[in-house]
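Chemist: quick one, structure for this:
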Amino acid sequence: MLNGSYLTTRDGVQIFFKDWGPKTAQPIVFHHGWPLTADDWDAQMLFFLANGYRVIAHDRRGHGRSTQTDSGNEMDTYADDVNALVVALDLKNALHVGHSTGGGEVARYLGRHGTKRAAKGVLLGAVPPIMLKTAAYPNGLPMSVFDGFRTAVASNRAQFFRDVPSGPFYGFNRPGAKVQQGVIDNWWRQGMMGGTKAHYDCIKAFSETDFTEDLKKIDIPVLVMHGEDDQIVPIENSAKLAVKLLKKGTLKTYPGFSHGMATVNADTINADLLAYFKS
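Modeler: Below is the predicted model:
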């Protein structure tokens, strides 16, 4: 059920969303990363709105302005929430763009609910096929990395949400990097809007979910975009493996670009997205 800028899900959760532009235009649905919100797509929303698209972005349950849920903070439910929004807005021929955790959400949505309402997908600095080291993916990150995330969220989330954007997320820890304080502050603002229980649970969702079978099911074109200096989701165990599992996957990598390239390198990313959508 829709009520203004909110969708009420079957379990009573309020999902906040933005829906800008002509309702007759081709829709682009943006899926944000952890622990952020729809606001992380500001640079893309304005650009594609100006280029004649209908642009939609939601705050994942437990994040931003959506209900601070204590349950359902896992990929199947995230995908079901997306499907509910797509159906409620009656989106057709949609373009789905997912960053980081949002890329996992795109993969699970398309794998679980099919592609009849979708035209193309984009996985941008995305977590698929899986971040965690497993028997199938021995080059993944060890569980200790994600246990460290959980400890940091539980003990001092506010400080952790300063440290991540100040350092590896945007590559601001690299020699000669041009640090953008406003970008750091905005990351912190978005993170602190969400619920700490949902953020804690989502660490398991983005790190332990295996999207292998989802990727194999997707029968529409998918562009896999990844920064070669991504310190959050290393490219070798994500994009370079994910593209091999997709039926119609294309890989585009960016030397020196960080995990947060859609923000700090928006001009480049937007131009490439536009070219892909028009191709």
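Chemist: contact partners for N139?
Modeler: With contacts defined as Cβ atoms under 8 Å, 6 or more residues apart in numbering, N139 is in contact with K133, E236, N237. Placement of C-beta: from N, CA and C, glycine included.
Chemist: what subset of these is buried?
Modeler: K133, N237 (16 or more other Cβ atoms under 10 Å).
Chemist: present the contacts of N139 as TSV; the columns should include distance to S258.
Modeler: Below are the contacts of N139 laid out as TSV (distance: Cβ to Cβ, whole Å):
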residue	distance to S258
K133	23
E236	16
N237	17
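Chemist: and the contacts of N139, which is closest to P35?
Modeler: Nearest to P35 among the contacts of N139: N237, at 21.7 Å, using Cβ to Cβ.
Chemist: so that closest one sits against Y137, correct?
Modeler: Yes - here N237 lies in contact with Y137, judged by Cβ atoms under 8 Å, at a distance of 6.4 Å.
Chemist: what separation do you get for V86 and V224?
Modeler: Applying Cβ to Cβ, to the nearest Å, the value for V86 to V224 is 22 Å.
Chemist: have a look at those two and say which one is more surrounded.
Modeler: Ranked by neighbour count (other Cβ atoms under 10 Å), V86 and V224 place V224 first, with 27 against 20.
Chemist: paired strands for the helix or strand encompassing that one, with orientation please.
Modeler: Per DSSP states H and E: V224 is located in strand 222-227. Applying DSSP bridges, strand 222-227 is found paired with strand 118-124 (parallel), strand 249-254 (parallel).
Chemist: helix/strand/coil for the closest residue to G227 other than its chain neighbours?
Modeler: Leaving aside its chain neighbours, G227 sits nearest to F257 (3.3 Å; criterion: Cβ to Cβ, 6 or more residues apart in numbering). Here F257 is coil, with the state taken from DSSP: H, G, I helix; E, B strand; the rest coil.
Chemist: what are the ranges of the helices in the stretch 101-250 of the chain?
Modeler: Listed in chain order, the helices of the stretch 101-250 of the chain (DSSP state H, counting those that start in this stretch) span residues 101-113, 143-166, 181-193, 196-208, 212-217, 239-245.
Chemist: return the most buried member of the ones you listed.
Modeler: Of all the helices of the stretch 101-250 of the chain, helix 101-113 has the most neighbours on average by mean count of other Cβ atoms under 10 Å, namely a mean of 27.
Chemist: which residues touch that one?
Modeler: Residues outside helix 101-113 that contact it (Cβ under 8 Å, 6+ apart) are 30-34, 60, 75-76, 78-80, 82-83, 86, 96-98, 118, 121-128, 202, 205-206, 209, 211, 213-215, 217-218, 220.
Chemist: isn't there a strand covering Y78?
Modeler: No - read with three-state DSSP, Y78 is helix and lies in no strand.
Chemist: without its sequence neighbours, what residue ends up closest to the residue most central in space within the chain?
Modeler: With distances taken as Cα atoms, centre = their mean, G102 lies nearest the centre of the chain, 2.1 Å away. Nearest residue to G102 in three dimensions, chain neighbours excluded: H31, at 3.1 Å (Cβ to Cβ, 6+ apart).
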